[in-house]
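1. model this:
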Amino acid sequence: MKESSYHFVQKSLVGAMYISATFSLSMFMVMDKFRGRELIKANALITLAIFAAGFLLVFLFLLNAPSVYIRKRQSEIDKEVLFAGRYLLVKMQSGVPFFNALTDASQSYGVSSKYFKEIVDDIQMGTPIEDALDKAVEYNASHKFKMILWQMTNALKTGIDTTGSLKAVLDEITKEQVIEIKRYGKKLNSLAMFYMLIGVVVPSLGMAMFIIVTSFVSIQIKLTHLMIIVLMLAFMQFMFLSMFKSIRPNVNL
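-> Numbers count the residues shown, from 1 in each chain. Next comes the predicted model:
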């Protein structure tokens, strides 16, 4: 983020102020129309409470933006960290110098290229390679990428073969990803059974039983009631899809 922490907090405060004020003013106009002007004092107190609660919630939400960016960077790196590491390994095993391998990775390899480019830019600005890698390890969001950079840093500082250390850590990351995929498969089996029961069987049988019961007791079902049921089912399906997506491991298959 290109702005300072002071300006970021200031912008979050101003944004929370505008959003909460707009929402609370809209609620006041709605209450004034439906509850009547004789309750204007009560409406004003409710509006102030809505403004205070909304301001606090929106401010905390906006203040959490850096954490969202960090998690996004971590997800991007974790998806390609294994292939990016193997790209470096192949380059160095073919005789390409370490810095040239980093430069090639920063110019040609997918989403990970911009993170390698940050390291290359630091080196080209005069930072020693070891210091640039230490900085990348300190400020990197991905634990797996940190493992690769840390092994390369140690190899450079101790003077040992960089390819051997890199191959060892890539093998370890491969084993971790295999374990994550197996764990995901077990979670997916149980979650799929739960989805079939709650998301498919219960709604279909429930709607059939509901229609049969209402026909016996002569309850009239309006289109509004059916639309509400459809919206509830759509929301439940969306929640299941979000749950499936959230437990998926960050592995680019």
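2. same question for stretch 57-75, mean pLDDT?
-> What stretch 57-75 shows for mean pLDDT is 86.
3. start to end distance for it?
-> 26 Å (C-alpha to C-alpha, to the nearest Å).
4. from here on, call the first residue 880.
-> All set: I'll call the first residue 880, so the last point we hit is now stretch 936-954.
5. check which residues of that stretch are buried.
-> Burial within stretch 936-954, assessed by neighbour count using 16 or more other C-beta atoms under 10 Å, is assigned to 937-938, 941, 952-953. Just so you know, the C-beta spots here come from the backbone N, C-alpha and C atoms, and that holds for glycine as well.
6. in helices only, show me those residues.
-> Members of these lying in helices (criterion: DSSP state H): 937-938, 941, 952-953.
7. list just the nearest of the buried residues of stretch 936-954 to S899.
-> For the buried residues of stretch 936-954, the closest approach to S899 (C-beta to C-beta) belongs to V937, at 5.6 Å.
8. hang on, isn't the closest one packed against G894?
-> Yes - assessed by C-beta atoms under 8 Å, V937 is found in contact with G894 at 7.2 Å.
9. show me the contacts for T1042.
-> By C-beta atoms under 8 Å, 6 or more residues apart in numbering, the contact list for T1042 reads 968, 971-972.
10. swap in 10 Å and give it another go.
-> T1042 makes contacts with 967-972, 977, 1031, 1034, as judged by C-beta atoms under 10 Å, 6 or more residues apart in numbering.
11. equivalent analysis for P1007, please.
-> Applying C-beta under 10 Å, 6+ apart, we find P1007 in contact with 1001, 1013, 1035.
12. tabulate the ones in helices among the buried residues of stretch 936-954 (TSV), appending distance to K1054.
-> Compiled in TSV, those are given as follows (distance: C-beta to C-beta, whole Å):
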residue	distance to K1054
V937	43
F938	43
L941	40
R952	24
Q953	20
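13. looking at the residues you listed, spot the one nearest V990.
-> Nearest to V990 among these, counting by C-beta to C-beta, is R952 at 9.9 Å.
14. can you give me the helices in the stretch 980-1129 of the chain?
-> Using DSSP state H, counting those that start in this stretch, the helices assigned to the stretch 980-1129 of the chain run over residues 992-1003, 1008-1018, 1022-1037, 1041-1074, 1081-1095, 1102-1125.
15. pLDDT on the helix or strand harbouring M910, on average?
-> Using DSSP states H and E, M910 falls within helix 884-914. Per-residue pLDDT values across helix 884-914 average out to 83.
16. and it, what does it pack against?
-> With contacts defined as 3 or more C-beta pairs under 10 Å, 6 or more residues apart in numbering; DSSP states H and E, helix 884-914 has these neighbours: helix 919-942, helix 944-972.
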